[in-house]
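Visitor: sharing a model that was predicted from the sequence below.
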Amino acid sequence: MRKPIIAGNWKMYKSFDEAVDFAEEVRDKIPSAEKVDSVICAPAIYLPTLVDIATETDLAIGAQNMHYENEGAFTGEVSPAQLSSIHVDYVILGHSERREYFNETDEAINKKVGAAISQGIVPIICCGETLEEKEAGKTEAKVVYQVTKALEGFKSEEVKHMVIAYEPIWAIGTGKTATADDANHVCGFIRKTVGQLFGLDAANEIRIQYGGSVKPENIEELLSKEHIDGALVGGASLEVASYLKILEAASQDA
Ligand SMILES: O=C[C@H](O)COP(=O)(O)O
């Protein structure tokens, strides 16, 4: 039985005070980490403060991106070693917004995955198709390509601790959600791909999230599906009430 994982992705939202208020309010209200992994992926500048607030609670803190080198002349970047030094637990890698607006390549994402695991940070690896690709029947080919490239060179033992987020790009921030059956079908396809590449153990243990307009109203149905182990939540993770409702639903699923 895979434990559900809900990760809020705040993207480039919230002032410092709003971030602190949010974390202080939710940290004691979230369900037990025995039932669900509750993560907030915040802007890098807030991470040390949020990690402090979350210490000794069941709330985990993640970054939204990082470089693959541990140090160097890379102005403006944050390194895996730096994230690890402040005890960040997770990092989102290869989000479609980073691929689209910051030219992030599959090769760079693969290096970032390796860098994250070598620092003990769990990567949340994003994949997903555009509307054009969906309409052309290329969803499966696209996610297989992205997942295969991201996981290239790793061992089954490493892969099973990773998280993959299937996020159809046309569903992000649009209010359009993939149907639970469609999302489950693609997540199942990703699991099958992991199985072909890394064996049954990795396929059974890796957690696969769905992302794209997830909210309290649709989380239950999504999580009731066999291959959906959680959600990567954008807009609905910005409000305390909706974030907590999503976590509550996930804890019932466990
Ligand atoms: O990382 C989160 C996704 O991009 C989904 O965002 P959304 O829940 O606002 O659609």
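Guide: Perfect, thanks for sending it. Numbers count the residues shown, from 1 in each chain.
Visitor: in the stretch 151-254 of the chain, which residue sits closest to the ligand?
Guide: G234 (2.3 Å; Cβ to the nearest ligand atom). Where C-beta positions appear, they are placed from N, C-alpha and C, glycine not excepted.
Visitor: in contact with that residue, which residues?
Guide: G8, N9, K11, I172, G173, G211 (Cβ atoms under 8 Å, 6 or more residues apart in numbering).
Visitor: for these, which one is nearest I125?
Guide: G211 (11.6 Å; Cβ to Cβ).
Visitor: pretty sure that closest one sits against Y166.
Guide: Yes. The pair G211 / Y166 is scored as a contact, 7.0 Å apart, by Cβ atoms under 8 Å.
Visitor: mind listing the shared neighbours of these two?
Guide: G128.
Visitor: follow-up on the earlier one: what is the nearest of the contacts of G234 to D37?
Guide: Distances from D37 to the contacts of G234, taken by Cβ to Cβ, are shortest for G8, at 11.7 Å.
Visitor: Three-state assignment for the residue most central in space within the chain, please.
Guide: The residue lying closest to the centre of the chain (Cα atoms, centre = their mean) is I124, at 3.9 Å. Under DSSP: H, G, I helix; E, B strand; the rest coil, the three-state class of I124 is strand.
Visitor: quick one: residues contacting it.
Guide: I124 touches A7, C41, G62, Y90, V91, I92, L93, V163, I164, A165, Q209, L232, counting by Cβ under 8 Å, 6+ apart.
Visitor: so which of those residues are in helices?
Guide: With DSSP state H as the criterion, helices contain none of the contacts of I124.
Visitor: just the ones in strands from those, please.
Guide: Under the assignment DSSP state E, the contacts of I124 contribute A7, C41, G62, Y90, V91, I92, L93, V163, I164, A165, Q209, L232 to strands.
Visitor: re the thing from before, also within reach of the ligand: list those from the contacts of I124.
Guide: With Cβ under 6 Å from any ligand atom as the criterion, these include L232 near the ligand.
Visitor: which members of the contacts of I124 are classed as buried?
Guide: With burial judged by 16 or more other Cβ atoms under 10 Å, the buried subset of those is A7, C41, G62, Y90, V91, I92, L93, V163, I164, A165, Q209, L232.
Visitor: got the ones in strands among the contacts of I124 as CSV, with pLDDT columns?
Guide: Formatted as CSV, the entries for the ones in strands among the contacts of I124 read as follows, by pLDDT from 0 to 100:
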residue, pLDDT
A7, 98
C41, 98
G62, 98
Y90, 98
V91, 98
I92, 98
L93, 98
V163, 98
I164, 98
A165, 98
Q209, 98
L232, 98
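Visitor: K215: which of these is nearest?
Guide: L232 (12.8 Å).
Visitor: the protein: helices as residue ranges?
Guide: Along the chain, counting by DSSP H, helices occupy 16-26, 47-54, 80-85, 96-101, 106-118, 131-135, 139-151, 156-159, 180-198, 200-205, 216-223, 240-253.
Visitor: orientation of the second one relative to helix 16-26 in degrees?
Guide: Meaning helix 47-54. 20 degrees (axes from the mean of the first three to the mean of the last three Cα atoms, to 10 degrees).
Visitor: what's the distance between the residue of the chain positioned farthest from its centre and V91?
Guide: Residue farthest from the centre of the chain, counting by Cα atoms, centre = their mean, is A73 at 27.9 Å. For A73, the distance to V91 (Cβ to Cβ, to the nearest Å) stands at 21 Å.
Visitor: pull the number of nearby residues for I45.
Guide: Using other Cβ atoms under 10 Å, I45 has 10 neighbouring residues.
Visitor: gap between it and L232?
Guide: 21 Å.
Visitor: one more: C41?
Guide: With Cβ to Cβ as the criterion, C41 and L232 are 8 Å apart.
Visitor: hey, what's in contact with both of the two?
Guide: A7, N9, I92, I124.
Visitor: identify the farthest-apart pair in those.
Guide: Most distant of the shared contacts of C41 and L232, by Cβ to Cβ, are N9 and I124, 8.7 Å apart.
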